[in-house]
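A.B. asks: Structure here, sequence nowhere to be found:
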Ligand SMILES: [Fe+2]
């Protein structure tokens, strides 16, 4: 299969994800075994911490690409950031102090889990008005959106796209959260999956189990959009609906 993972911490030695090249190789092997052929590596970018690190991130990403050429040649790798929201986010992106996804206008944007609905909308507006297209990182972590289909629809209507972690989708019948986010995916509200992998044992790259679960509630037309098509469109510079 050709799954895509647009949120992970595989770049070695730049954040709390992969600590070194050996760990990155193990994560690449996991990704290959999970059927992933496109990955956007997204090291954390926090205001006041990460701006100076961009040259190092780029250097380490080049190293990851070299490793992938021999260890997982079927995987196409791109670079981005998981950009923690701050008021000057659009300026930081414009100035190259934070990286959009694969050089596009799409930005993997992280909000604090306890952020208010109002602040999320305000932040997203700031990004869209500056011509960026926000992709909300693990939207399921933002407490106020759990169970609120209308609010999620509003996010989509204002041009934001939503990413859910693959692991979130794998809960059993009694896992209300997992069921809710699978339902949102089936309603077409979720655009991307990400493994958010940090560590080969503690937070590994997973994808197949999520796809298997989702295949029970999504149609054969819907699932490919979420599992790979949107991500392939993103890196090809196409507009995602
Ligand atoms: Fe992450």
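C.D. replies: Looks like it came in fine. Computed from a predicted structure; not experimentally measured. Residues are numbered from 1 along each chain as shown.
A.B. asks: Just to check, residue 98 is in contact with residue 46?
C.D. replies: No: using CB atoms under 8 Å, residue 98 is not in contact with residue 46; the gap is 9.6 Å. To be clear about C-beta, it is placed using only N, CA and C from the backbone, and glycine gets the same treatment.
A.B. asks: between the two, who's got more neighbours?
C.D. replies: Legend: neighbour count by other CB atoms under 10 Å for residue 98 and residue 46, higher for residue 98 (27 against 16).
A.B. asks: Distance check, the more buried one against residue 133.
C.D. replies: 14 Å (CB to CB, to the nearest Å).
A.B. asks: And residue 124, by the same measure?
C.D. replies: Distance, residue 124 to residue 133, using CB to CB: 10 Å.
A.B. asks: ditto for residue 181
C.D. replies: Distance of residue 181 to residue 133, given as CB to CB: 21 Å.
A.B. asks: after the longest helix anywhere in the chain comes which helix or strand?
C.D. replies: Using DSSP state H, we find that the single longest helix of the chain is helix 54-71. Counting by DSSP states H and E, the element after helix 54-71 in chain order, helix or strand, is strand 76-79.
A.B. asks: my read: residue 72 touches residue 26, true?
C.D. replies: No: in this structure residue 72 lies outside contact range of residue 26 using CB under 8 Å: 10.7 Å.
A.B. asks: related to what we said a few turns ago, determine the set of other helices and strands touching the longest helix of the chain.
C.D. replies: Under the contact criterion of 3 or more CB pairs under 8 Å, 6 or more residues apart in numbering; DSSP states H and E, helix 54-71 touches helix 21-33, strand 76-79.
A.B. asks: could you give the angle of that helix to helix 21-33?
C.D. replies: Using axes from the mean of the first three to the mean of the last three CA atoms, to 10 degrees, the inter-axis angle of helix 54-71 relative to helix 21-33 is 60 degrees.
A.B. asks: and residue 106, what are its bridge partners?
C.D. replies: Per DSSP bridges, the residues bridged to residue 106 are residue 133.
A.B. asks: My read is that it contacts residue 161, right?
C.D. replies: Yes: using CB under 8 Å, residue 106 is in contact with residue 161, at 7.3 Å.
A.B. asks: Overlap of the contact sets of those two?
C.D. replies: 133, 134, 135, 240 (CB atoms under 8 Å, 6 or more residues apart in numbering).
A.B. asks: Including neighbour count, could the residues you listed go into TSV?
C.D. replies: Listed next are these as TSV, based on neighbours: other CB atoms under 10 Å:
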residue	neighbour count
133	20
134	27
135	30
240	16
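A.B. asks: mind checking the SS state of the residue of the chain most remote from its centre?
C.D. replies: Computed with CA atoms, centre = their mean, the residue of the chain farthest from its C-alpha average is residue 174, at 25.9 Å. State at residue 174, reduced to three classes by DSSP: H, G, I helix; E, B strand; the rest coil: coil.
A.B. asks: Check what pLDDT residue 173 gets.
C.D. replies: Note on residue 173: pLDDT of 86.
A.B. asks: show me what contacts the closest residue to residue 191 other than its chain neighbours?
C.D. replies: Closest residue in space to residue 191, ignoring its immediate chain neighbours: residue 161 at 4.1 Å, by CB to CB, 6 or more residues apart in numbering. Applying CB under 8 Å, 6+ apart to residue 161 gives the contacts 106, 133, 134, 135, 136, 191, 192, 230, 240.
A.B. asks: Many thanks, have a good one.
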